[in-house]
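A.B. asks: model this:
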Amino acid sequence: MKEPAEIEESYRYKYIEEWYIHIYGSAKGVAVIITMIVLFIGGTCVLTYFGLPFLAFLLFYVDVWIYCLWKNHVKRTFYKVPDGAKRCELIYVNDIAFLDLLDSQTALCYFSKPSDEMLDFLYNRFYSETLNQKRLLMNEHLKIYVVNGRVFNEKYGISKYDLPMSDEECLLCILPDELNPEVMSCKEVALRDYEIRGGLFSEYV
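C.D. replies: Numbers count the residues shown, from 1 in each chain. Model prediction:
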């Protein structure tokens, strides 16, 4: 079993930033960084010329403001569907036998609680992935099977790594038929999403 950990906002944003660069290239991001550097250095020189170097620290806040604008732009580009969480259909798994289906079907899993932020992220992550104008997401709504620690431990007990799931921890599982294999397979998605705690169900057993 992977080390239990919540998917933090920083991990999600890192993924979004890498997605943005992959789709739109790095030119815009580089331009923003150059603008911030030129503004700070140029502004400092101007203030020094007028005998006001002690005000140079204010330029730092301007750079922070520019960075926040850029960050919000990247996030808005990724989150094309603002109500992604509402388009996720959560199905809580209480039948232990259903875990065999998740395993045999090589379900895609994310180690996280089903918060609105995470559901928004997952829905838009699949919605934003395209290939030849085809989306990875097969349907308008995404079915997510929620397996909590109690059900998981009842079936599998302590893993070979001696890291049992607590009752509060969850696996968010997605069956392959929710995704378009012509765009990406579950294995490909799991490999790309490893840093945001994505994986295949068999990896958690």
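
A.B. asks: and the helices in this structure?
C.D. replies: Along the chain, the segments classed as helices by DSSP state H run 9-24, 27-49, 57-78, 98-104, 116-128, 149-156, 186-192, 201-204.

A.B. asks: deepest in the core, which of the ones you listed is it.
C.D. replies: Of the helices of the chain, the one with the most neighbours on average (mean count of other Cβ atoms under 10 Å) is helix 116-128, at a mean of 21. Using the backbone N, CA and C atoms, a C-beta is placed for each residue, glycine as well.

A.B. asks: tell me what angle that helix forms with helix 57-78.
C.D. replies: Calculated by axes from the mean of the first three to the mean of the last three Cα atoms, to 10 degrees, helix 116-128 forms an angle of 60 degrees with helix 57-78.

A.B. asks: only C-alpha atoms, please: export helix 116-128 in CSV.
C.D. replies: Only the C-alpha atoms of helix 116-128 are listed here, as CSV (Å, rounded to 0.1, in the frame of the first residue of the first chain):
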residue,chain,number,x,y,z
ASP,A,116,-15.5,19.1,-3.2
GLU,A,117,-12.0,20.5,-4.0
MET,A,118,-10.8,17.0,-4.9
LEU,A,119,-13.9,16.1,-6.9
ASP,A,120,-13.6,19.4,-8.8
PHE,A,121,-10.0,18.6,-9.6
LEU,A,122,-10.6,15.0,-10.7
TYR,A,123,-13.5,15.9,-12.9
ASN,A,124,-11.6,18.6,-14.7
ARG,A,125,-8.5,16.5,-14.8
PHE,A,126,-10.3,14.0,-17.0
TYR,A,127,-12.4,16.6,-18.8
SER,A,128,-9.2,18.6,-19.8
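
A.B. asks: residues making contact with that helix?
C.D. replies: 7, 9, 12, 15, 19, 23, 78-82, 84-85, 87-88, 90, 110, 112, 135-137, 142, 144, 172, 178-179, 193 (Cβ atoms under 8 Å, 6 or more residues apart in numbering).

A.B. asks: again, only using 6 Å
C.D. replies: 12, 78, 79, 81, 84, 85, 87, 88, 112, 136, 137, 142 (Cβ atoms under 6 Å, 6 or more residues apart in numbering).

A.B. asks: now the first one: closest residue in space, sequence neighbours ignored.
C.D. replies: Going back to what we said before, that points to residue 12. Once flanking residues are discounted, residue 12 sits nearest to residue 121: 5.2 Å by Cβ to Cβ, 6 or more residues apart in numbering.

A.B. asks: now swap in the fifth one and tell me
C.D. replies: Of all residues beyond its chain neighbours, the one nearest residue 84 is residue 123 (3.2 Å), with distances taken as Cβ to Cβ, 6+ apart.

A.B. asks: many thanks, I have nothing further to ask.
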